[in-house]
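Novice: mind looking at a prediction? Sequence and model below.
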Amino acid sequence: MIDYSEEAAFYDASRGGEPRAEAAADAVGRLLPASARTVLDVACGTGIVTRRLARPGRAVVGVDLSPGMLGVAAERLPRRVLLGDATRLPLATASVDAIVIVWLLHLLPDAAPVLAEAARVLRPGGSLITTVDKDDAYFTAPSDIADVTEPFRRAFAPRITDHTERVRSLAARHGLEPVAETTFEGKGQGRSPRTWRQVIEKGRIPWANAAAPEQVADLCEQLSRLPGQDDTRPDPLYRLVALSG
């Protein structure tokens, strides 16, 4: 697991910075109901997206488990960040109009506790907005990397915790049903074959982690044979879904 406190100082720069944050916030804004007056950003990280969600008449609060990340977020959102676990949110039941969860569910062994806790904190009729299928975002556009990885992704996708159908099924247990969805581009986040090998070998790709070591080694070998080892492929296209009770 990534040590996010350790990465906080350079996290934004390594993940698309302001352009990607602006694209993400714009997409979330398209799904946020105009009536939402209180918004909670769960796993807000450095607050780079969170701060863009604030509007006159809308209170936005960020919560994160990483003190290092919150230290950066607090500079962007003074007095509007909380230290807390997504499975035990430090808020009262039925206290917020909308919850935003961006790039969290794919990191978890099980998304169920987080979605249950989000449902607890939401007011009746509230909206939950979350990214889904995060690791598939890199393969929306055709590429040689998409072709090489496709058998692995297909084989192990059912185990991925942010798979769309799994998220919808878990949310439905709490009366939350899909109402809308949108996409946004991960600007500057396209990866080269060499970069893909590196992140796979570091254990940062859930569908690759689900494979046997020899399968991972074979995949990395295939990636090493692709042309343009340092040429980035298309930027990822992330998906957001909105669910409401």
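Specialist: That came through fine. The structure displayed is predicted, hence computed values, not measured ones.
Novice: excluding chain neighbours, what is closest to the most centrally placed residue in the chain?
Specialist: Among the residues of the chain, the one closest to the centroid is W103, at 1.1 Å (Cα atoms, centre = their mean). Counting by Cβ to Cβ, 6 or more residues apart in numbering, W103 lies nearest to T131, which is 5.6 Å off, once chain neighbours are set aside. All C-beta spots, glycine's among them, are computed from the backbone N, C-alpha and C.
Novice: would you map the strands across this structure?
Specialist: 38-42, 59-64, 81-83, 96-101, 122-132, 177-185, 237-244 (DSSP state E).
Novice: ok, back up a step: so how far is G71 from the residue nearest to W103?
Specialist: 24 Å (Cβ to Cβ, to the nearest Å).
Novice: of all the strands of the chain, which lies closest to R166?
Specialist: strand 122-132 (8.7 Å; Cβ to Cβ).
Novice: using TSV, please lay out the strands of the chain together with mean neighbour count and mean pLDDT.
Specialist: As requested, the strands of the chain are arranged in TSV below (neighbours: other Cβ atoms under 10 Å; pLDDT from 0 to 100):
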stretch	mean neighbour count	mean pLDDT
strand 38-42	24	98
strand 59-64	23	97
strand 81-83	17	97
strand 96-101	25	98
strand 122-132	21	97
strand 177-185	16	97
strand 237-244	21	97
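Novice: tabulate these in TSV, adding columns for distance to R194.
Specialist: Shown next, in TSV, are the strands of the chain (distance: least, Cβ to Cβ, whole Å):
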stretch	distance to R194
strand 38-42	33
strand 59-64	31
strand 81-83	36
strand 96-101	31
strand 122-132	26
strand 177-185	22
strand 237-244	22
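Novice: report the buried residues of the lengthiest helix in the chain.
Specialist: Selection of the longest helix in the chain by residue count, based on DSSP state H, yields helix 17-31. The neighbour-count check on helix 17-31 (16 or more other Cβ atoms under 10 Å) flags 20-25, 27-28, 31 as buried.
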